[in-house]
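# Could you work out the structure for the sequence below:
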Amino acid sequence: MTTTSSPPTVAIIGCGPGGMSFLHALALRRKALEGDEEGLAKLPIVTVYERASEAGGVWRSATTSNTTNNSSTKTVFVAEGTDLVQVVSNDDKPKEQKDEATLDTSATSSLSSSRSSTPTLPAVDDQTSSSSATNMYEALWTNGPSPAIEFFDYSFQEHFQKPVPLFLPRRQVLDYLLARYTKNNPSFFDDVQFNTTVEHVMYDETIQKFKITTTSSQGGTEALFDKCIWAAGENGGAKVPTPIRSLLRTNNYLGTDVHSCEAGRYLGTVRDQKILIIGDSASAEDLTLQAIKLGAKKVYILPRSAEGVCSYTASWPGRKAQVLWNQCITGVSDDGYGIRTSTVTYDPLTESQTLVEGGRTRELKDVRLVIYCTGYQANFRMLDPCLCQPFSEQQQDDDYLQTCLPKDWRMTENSLTPEVGENVEPANELEFDHDDFFYLVPGIYKGLLMENPNMMFLCEGVTDMPLHDIDVHAWWLLASMVGDVPIPSLEQMQNVQRDMVLRGMQIPFVRRLLDVNYYQALLDAHSTGDGDDEDPWWDSFHNDNAVALEQEAKQFVFDCHAQDMLEAKYPLQFLDTATGTLNPTCQRLIQMLLEGDVFRGAMVTTKETKKWLTFRDIDPTNFQSLVTGTPVAPLPGHWIDLPDNDTDNTVVVEQQQ
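Numbers count the residues shown, from 1 in each chain. This is a model prediction of the structure:
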């Protein structure tokens, strides 16, 4: 029996992990349906547009070049309103060294001579680079456990022919991804149009089709599609904090300031130098460790909200890294290389910092490189505004979530109740961060645009398993296209998210992400003053109750993810359908993720280990493949001593007996 309906035509924007995962899910389904003419007829006809010349997305390394002591001209593009402005700067890198950072307790603000002693600094206003070079730098390593990025149909054992360590270099991850997708499928990329940029996407209601305009060396074209999947990645443009960059350049900072996506070009210059990293995210952590490995004299880390991994990393090799708590940049020294920072308080509601009257001013002397580890902005510029409204800064219509809490709502008593009290009133508006792409973005249901489910978004979620997230959601989107997963009504989609908010608000570490009042109550329960006090127990991985709270939050996230896996009929399942709870495979994964977090936050060094210990030097005994059960291999030495350019011989090693 055959069907007379035509299969849907689908345009995919991007051939990074998202685009490749969808092509792979489609290829596996096509193979499984061999001989089923009706089933094959339902499969979508896909065209993938990729602006680069090869697949891989952000996992491809950026082009690197050695820099010299001579002045060089750097050209970047930054977004200013809706226009692109070319900015040219000269970077000068003299080699002479100066004294260590000194501490000035005069507490004078260096913003300008006319400023008040307690001004409120503006919320971070980020500029977003439009450059395509937001790739990873060559020497990057993963910062999550390797079992979390191993796929059900292509094990590390099959690819590497030996056990792998807990953390892998970028190059080996990319090789593994490409090998998995092209295994027994030499025509995998036949439906990809490389070197092709999607310029504009609009939805024509009259014909119920997407009009997609593209350009390439062959010229411009326009094509019609039934569905569109945005898989351009969350790293579409580098976010640079405008106030900080302007302050440095206005005050004639003579060193180099770059975004982390450009850092690879400068890592070769850091030996015996001091550098400053803005931000405390995963990229800040990896770049700090890379700089120390390459011989940096000192790395200063300047967090803003102090919520990133660097802010709870317990130890750095040789104590060469220093986190500057509750500080912001307020000036540049007369010689052009010293950077002044002053004490501030941070307001999570407005995301602004206020200088503390009578606070301390530090001078970081002879800082030659400033790296902005301040994140990325997803590139939605090609989409008509109505197709990406949920991700706009104007904020989407989220009334259906803001009103989901009953007036008499109360949080169930938990281990933090004695600290904050029983009745912390929820904020008038809950926070739904765009980073939580699939789970709590108003207007987006599991990657579907609620107002027009033919528009889809394929990117990572919040499970600390980004590649796995993407793969599962590729399966889910495909299942929805062929009718295996019924697309709910708008009201049903909203109800699912309402229920998610109600459940999340009962979990302390989830609620503090959603509810600024609860976040503030935790801050008030333990005022850290000028930053010298110890962390409160709930932020300490030395405390069993804090670890239990973190585990509870992970359970919530994986509960949501496991439901998607079940609906998509993903071959690896995390849900026990008989009990409705997470199965032993998922529980084992959560324990591995948690053990990695605990080690990072509770590392204790000795006289022997303080020179080399990093979070990557964790004992891998309790880690194993979810696919094959193979134990994770130990590193062949201390991570800080491993050469990044010899991964074949020094990283993937035989399991030691």
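
# Wait, residue 521 touches residue 424, no?
Yes - using Cβ atoms under 8 Å, residue 521 makes contact with residue 424 at a distance of 4.8 Å. The way it works is simple: take the backbone N, C-alpha and C, and place the C-beta from them, glycine included.

# Show me where the stretch 151-300 of the chain has its helices.
Secondary structure of the stretch 151-300 of the chain (DSSP state H, counting those that start in this stretch): helices at 156-160, 170-182, 242-250, 282-293.

# All the helices of the stretch 401-550 of the chain, residue numbers only.
417-420, 466-481, 490-504, 508-514, 516-525, 544-568.

# Most tightly packed of those?
When the helices of the stretch 401-550 of the chain are scored by mean count of other Cβ atoms under 10 Å, the highest mean neighbour count falls to helix 466-481 (a mean of 24).

# elements contacting that helix?
When contacts are defined as 3 or more Cβ pairs under 8 Å, 6 or more residues apart in numbering; DSSP states H and E, helix 466-481 packs onto helix 17-32, helix 544-568.

# Residue 455 is nearest to which of these?
helix 17-32 (14.5 Å; Cβ to Cβ).

# by how many degrees do the closest one and helix 170-182 diverge?
Per axes from the mean of the first three to the mean of the last three Cα atoms, to 10 degrees, the angle that helix 17-32 makes with helix 170-182 is 30 degrees.

# Any buried residues in helix 17-32, and which?
Going by neighbour count (16 or more other Cβ atoms under 10 Å), the buried part of helix 17-32 is 17-27, 29.

# Check stretch 377-390 too.
For stretch 377-390, by 16+ other Cβ under 10 Å, it's 377-383, 387-390.

# ok, now how distant is the closest residue to residue 548 other than its chain neighbours from residue 501?
Of all residues not flanking residue 548 in the chain, residue 415 sits nearest, at 7.2 Å (Cβ to Cβ, 6 or more residues apart in numbering). Using Cβ to Cβ, to the nearest Å, residue 415 is found at 22 Å from residue 501.

# likewise residue 173?
Residue 173 sits 34 Å away from residue 501, going by Cβ to Cβ.

# Check residue 515 too.
Distance from residue 515 to residue 501, counting by Cβ to Cβ: 10 Å.

# Name the residues contacting each of those two.
Any residue near both residue 515 and residue 501 by Cβ atoms under 8 Å, 6 or more residues apart in numbering counts here, and that gives residue 430.

# thinking again about what came up before, narrow the buried residues of stretch 377-390 to those in helices?
If you go by DSSP state H, the buried residues of stretch 377-390 have nothing in helices.

# Nearest to residue 511 among those residues?
The nearest member of the buried residues of stretch 377-390 to residue 511, counting by Cβ to Cβ, is residue 390 at 21.9 Å.

# The nearest residue to the closest one once chain neighbours are set aside - how many residues pack around it?
Leaving aside its sequence neighbours, residue 390 sits nearest to residue 443 (Cβ to Cβ, 6+ apart; 3.4 Å). Each residue near residue 443 was counted by other Cβ atoms under 10 Å, and the total is 23.

# next one: residue 449
22.

# ok, it to residue 243 distance?
Applying Cβ to Cβ to residue 449 and residue 243 gives a distance of 33 Å.

# Likewise for residue 543?
For residue 543 relative to residue 243 (Cβ to Cβ), the value is 36 Å.

# go on, residue 549?
Taken as Cβ to Cβ, the span from residue 549 to residue 243 is 34 Å.

# got it, and residue 23?
42 Å.

# swap in residue 455?
35 Å.

# which of the two has more neighbours?
Set side by side, residue 455 and residue 243 show more neighbours around residue 455, with 23 against 16, by other Cβ under 10 Å.

# what's the closest residue to that one other than its chain neighbours in contact with, if anything?
Spatially, and ignoring its direct neighbours in sequence, residue 455 is nearest to residue 449 (4.0 Å; Cβ to Cβ, 6+ apart). Going by Cβ under 8 Å, 6+ apart, residue 449 touches 387, 390, 443, 455-457.

# Likewise for residue 12?
Residue 12 neighbours (Cβ under 8 Å, 6+ apart): 18-19, 22-23, 46-49, 228-229, 231, 458.

# So, low pLDDT: which residues of the protein?
1-4, 62-135, 137, 393-397, 433-439, 527-533, 644-657 (pLDDT under 70).

# Tell me which of the helices and strands packed on helix 466-481 approaches residue 56 most closely.
helix 17-32 (8.1 Å).

# That closest one to helix 544-568, inter-axis angle?
Using the same axes, to 10 degrees: helix 17-32 against helix 544-568 is 50 degrees.

# okay, the angle between helix 17-32 and helix 466-481?
Using the same axes, to 10 degrees: helix 17-32 against helix 466-481 is 50 degrees.

# okay, the helices of the stretch 401-550 of the chain in JSON lines with distance to residue 408 next?
JSON lines is the format used below for the helices of the stretch 401-550 of the chain (distance: least, Cβ to Cβ, whole Å):
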{"stretch": "helix 417-420", "distance to residue 408": "17"}
{"stretch": "helix 466-481", "distance to residue 408": "36"}
{"stretch": "helix 490-504", "distance to residue 408": "13"}
{"stretch": "helix 508-514", "distance to residue 408": "17"}
{"stretch": "helix 516-525", "distance to residue 408": "17"}
{"stretch": "helix 544-568", "distance to residue 408": "23"}
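
# Relative to residue 159, which of the ones you listed is closest?
From the helices of the stretch 401-550 of the chain, taking Cβ to Cβ, the stretch that ends up closest is helix 466-481, at 13.9 Å.

# Other residues contacting the closest one?
8, 10, 17-18, 21-22, 24-26, 29, 44, 148-149, 151, 177, 227, 229, 438, 446-448, 453, 456, 458-463, 485, 487, 561, 564-565, 567-570.

# do that again at 6 Å, thanks
Residues from elsewhere that reach helix 466-481 (Cβ atoms under 6 Å, 6 or more residues apart in numbering): 17-18, 21-22, 25, 44, 149, 447, 456, 458, 460-461, 463, 485, 487, 564-565, 568, 570.

# Output stretch 556-563 in PDB with nothing but the alpha carbons.
Extracted in PDB, the C-alpha atoms of stretch 556-563 (Å, rounded to 0.1, in the frame of the first residue of the first chain):
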ATOM      1  CA  PHE A 556      14.600  17.100  37.700                       C
ATOM      2  CA  VAL A 557      16.500  18.000  34.500                       C
ATOM      3  CA  PHE A 558      16.900  14.400  33.500                       C
ATOM      4  CA  ASP A 559      13.300  13.600  34.300                       C
ATOM      5  CA  CYS A 560      12.300  16.100  31.600                       C
ATOM      6  CA  HIS A 561      15.000  14.800  29.200                       C
ATOM      7  CA  ALA A 562      14.000  11.200  29.800                       C
ATOM      8  CA  GLN A 563      10.400  11.900  28.700                       C
END
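
# Going forward, count from 881.
Fine by me, first position is 881 from now on; the one you just mentioned is stretch 1436-1443.

# contacts for it?
1319, 1342-1343, 1387, 1390, 1454-1455, 1462, 1466.

# run the last query once more with 10 Å
By Cβ atoms under 10 Å, 6 or more residues apart in numbering, the residues outside stretch 1436-1443 that reach it are 1316, 1318-1320, 1326, 1341-1345, 1348-1349, 1352-1353, 1356, 1376, 1380, 1383-1384, 1386-1387, 1389-1390, 1445, 1450, 1453-1457, 1460-1463, 1466-1467, 1469-1470, 1473.

# Please apply the same query to stretch 1455-1473.
So stretch 1455-1473 is in contact with 1024-1028, 1046, 1343-1345, 1348, 1430-1431, 1434-1435, 1437-1439, 1441-1446, 1452-1454, 1500, 1502-1504, 1506-1507, 1512, going by Cβ under 10 Å, 6+ apart.

# 7 Å - rerun?
Stretch 1455-1473 is contacted from outside by 1025, 1027-1028, 1344, 1431, 1434-1435, 1438-1439, 1442-1443, 1445-1446, 1453-1454, 1502-1503, 1506, using Cβ atoms under 7 Å, 6 or more residues apart in numbering.
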